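**Student:** have a look at this fold, sequence not included:
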Ligand code: CAO
């Protein structure tokens, strides 16, 4: 049995007081009249028999002789609702004796799941909970559609349908069986101190937030990473020349990559898109805002540079310097970190030959950039030393096919290989 009210609650006529569960059925026992719960005679898990008293209720309205209520005939163990209240509150109303309309509307609050199940515990009958358990659904994740947010069987079924259709489940949700869930083992609990000296260091706020986002994106997005190399020998010569002419600016290869990415997004609009929440349509964006992963002492943040298509290399270099500084000084506002279409994560200043960046949902692709290196490239007659930039394009395979990703990566490499193409 579940108890849906507590002492002091104002209840409306017909509001469910308890849910009774037998082997075969469950039923809710409604209040036969409105009032205030003075005393509860039952608790969760009690077994009830016909005639047992559930609660003493101070009925709304003044006069009436209190008396035990008759048991509902169809209940698995059908109890009465009210018993004769103590003299101090002898204001009870005999069920059925209360004249219709003697309860003012204000004494009949609409059913509210938050009232009957305070806190974040969702309200659902035992039968619905059992149904959810059977399907491996965490009832906390289900949104109730009935009056007052109550969860009904159909809500559980709709939740499972949606989870199966999207091929995913909310983080923290219970696994959906039949291949729909991850069914992960619990995280290993190890007493590390048993094996040697340790020190505990709490994660920063940024690490906690970005960690949760990365975990969701890694778990929910089917990732593939396409690798490519761009010959940036000429680009580097131009960058150095431009840098020498603009000494006040730090003109790194990243601004050229941003421009090349915008050209590729224009040529392959599917990369400048997001899946909508239902997973049934693609939102294609006509603007070009690029997120840049910035490494800060407190963790990774991704500020967004807006309208990259409309800005020149020097403006972008200025803006990149500004947002990197703000990121490291923790001065970025929320709107400087939202609205991105595609992200770039550059580890080129550090090293590495390739990596698999994680797509920054709801974006559908991200470009990882590693350190450029001079390598011998066969030019038809001989091996020539060329500066090659490693590109690692991770993408959401639900939205982008492998062939399209390979074309995007080749296009990008061509843009960087011949920056005159950026003018087209
Ligand atoms: N190959 C070779 N050299 C490169 C290069 C590349 N791909 N990219 C940058 N460089 C050089 C720069 O030219 C610069 O050289 P100089 O000091 O001689 O001018 C040096 O490396 C350092 O560059 P930088 O890192 O300061 O600047 P940037 O514009 O390339 O990057 C920023 C800016 C903010 C993206 C970077 O500082 C940063 O934080 N990167 C880390 C991002 C990250 O953590 N990603 C991982 C996320 S997990 O997916």
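**Tutor:** Ah, there it is. For clarity, every value in this text was computed on a predicted model and none was experimentally measured. Numbering: from 1, shown residues only.
**Student:** close to the ligand: what parts of this protein are there?
**Tutor:** When proximity is defined by C-beta under 6 Å from any ligand atom, the chain lies next to the ligand at 252-254, 292-295, 300, 320, 324, 345-349, 357-358, 369, 371-372, 389. All C-beta spots, glycine's among them, are computed from the backbone N, C-alpha and C.
**Student:** any of these buried? List them.
**Tutor:** Applying 16 or more other C-beta atoms under 10 Å to these, the neighbour count classes 252-254, 292-295, 300, 320, 324, 345-348, 357-358, 369, 372, 389 as buried.
**Student:** how much space separates the closest residue to residue 363 other than its chain neighbours from residue 294?
**Tutor:** Leaving aside its chain neighbours, residue 363 sits nearest to residue 342 (5.7 Å; criterion: C-beta to C-beta, 6 or more residues apart in numbering). Going from residue 342 to residue 294 by C-beta to C-beta, to the nearest Å gives 16 Å.
**Student:** same deal with residue 397?
**Tutor:** From residue 397 to residue 294 the distance is 27 Å (C-beta to C-beta).
**Student:** and if you look at residue 213?
**Tutor:** 15 Å.
**Student:** the residue in the chain that the ligand sits nearest to: what's it in contact with?
**Tutor:** Closest to the ligand within the chain is residue 348: 2.0 Å, counting by C-beta to the nearest ligand atom. Residue 348 is in contact with 253, 254, 369, 370, 371, 372, 389, counting by C-beta atoms under 8 Å, 6 or more residues apart in numbering.
**Student:** phi, psi for residue 203 please.
**Tutor:** Torsion angles at residue 203 (phi, psi; degrees, to the nearest 10) stand at phi -70, psi 150.
**Student:** tell me the secondary structure at the nearest residue to it once chain neighbours are set aside.
**Tutor:** Distance criterion C-beta to C-beta, 6+ apart; nearest residue to residue 203, sequence neighbours excluded, is residue 211 at 7.0 Å. Under the three-state scheme (DSSP: H, G, I helix; E, B strand; the rest coil), residue 211 adopts helix.
**Student:** and for residue 211, the neighbour number?
**Tutor:** 14 (other C-beta atoms under 10 Å).
**Student:** just the one 3 residues further on next, same as before
**Tutor:** Using other C-beta under 10 Å, residue 214 is surrounded by 16 other residues.
**Student:** what is the rounded mean pLDDT of the one helix or strand it maps to?
**Tutor:** Assigned by DSSP states H and E, residue 214 belongs to helix 205-220. Mean pLDDT, helix 205-220: 95.
**Student:** repeat that for stretch 11-20.
**Tutor:** The model assigns stretch 11-20 a mean pLDDT of 78.
**Student:** repeat that for stretch 236-245.
**Tutor:** pLDDT averaged over stretch 236-245 gives 96.
**Student:** kindly report the same for stretch 30-49.
**Tutor:** Mean predicted lDDT for stretch 30-49 stands at 82.
**Student:** stretch 273-288 too?
**Tutor:** Stretch 273-288 comes out at a mean pLDDT of 94.
**Student:** need the contact partners of it.
**Tutor:** Outside stretch 273-288, the residues touching it (C-beta under 8 Å, 6+ apart) are 165-167, 262, 265-266, 269-270, 272, 306-309, 341, 362-364, 396, 398-399.
**Student:** now, of these, which are buried?
**Tutor:** 166, 262, 265, 270, 272, 306, 308, 341, 362-364, 396, 399.
**Student:** break the protein down into its structural domains.
**Tutor:** 1-70+78-108, 126-201, 225-423 (automatic domain parsing).
**Student:** kindly present the ones you listed as a markdown table, with separate columns for distance to residue 217.
**Tutor:** Converted to a markdown table, those look like this (distance: least, C-beta to C-beta, whole Å):
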| stretch | distance to residue 217 |
| --- | --- |
| domain 1-70+78-108 | 38 |
| domain 126-201 | 10 |
| domain 225-423 | 5 |
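**Student:** nearest to residue 219, out of these?
**Tutor:** domain 126-201 (6.6 Å; C-beta to C-beta).
**Student:** show the average pLDDT along the closest one.
**Tutor:** 77.
**Student:** next, the distance between the ends of that domain.
**Tutor:** One end of domain 126-201 sits 43 Å from the other (C-alpha to C-alpha, to the nearest Å).
**Student:** over to stretch 200-207?
**Tutor:** By C-alpha to C-alpha, one end of stretch 200-207 lies 15 Å from the other end.
**Student:** who's in contact with it?
**Tutor:** 211, 296, 298, 299, 300, 301.
**Student:** what does the fourth one show for phi and psi?
**Tutor:** Right, residue 299. The phi/psi pair for residue 299 (degrees, to the nearest 10) is phi 130, psi -170.
**Student:** pretty sure it contacts residue 210?
**Tutor:** Yes - counting by C-beta atoms under 8 Å, residue 210 is a contact partner of residue 299 at 5.6 Å.
**Student:** which one of the two is surrounded by more residues?
**Tutor:** The neighbour count for residue 299 versus residue 210, taken as other C-beta under 10 Å, is higher for residue 210 (19 against 16).
**Student:** surely that one meets residue 296?
**Tutor:** No - Residue 210 lies out of contact with residue 296 (C-beta under 8 Å); the separation is 10.3 Å.
**Student:** all strands of the stretch 251-400 of the chain, in order?
**Tutor:** 273-275, 282-284, 290-292, 294-296, 299-301, 304-305, 342-346, 365-369, 373-378, 383-396 (DSSP state E, counting those that start in this stretch).
**Student:** for the stretch 101-250 of the chain, same thing?
**Tutor:** Under DSSP E, counting those that start in this stretch, the stretch 101-250 of the chain gives strands at 223-231.
**Student:** now the helices for it?
**Tutor:** Along the stretch 101-250 of the chain, counting by DSSP state H, counting those that start in this stretch, helices occupy 113-116, 126-134, 153-166, 205-220, 233-245.
**Student:** could those be laid out in a markdown table, adding distance to residue 18?
**Tutor:** Listed next are these as a markdown table, based on distance: least, C-beta to C-beta, whole Å:
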| stretch | distance to residue 18 |
| --- | --- |
| helix 113-116 | 10 |
| helix 126-134 | 10 |
| helix 153-166 | 19 |
| helix 205-220 | 38 |
| helix 233-245 | 74 |
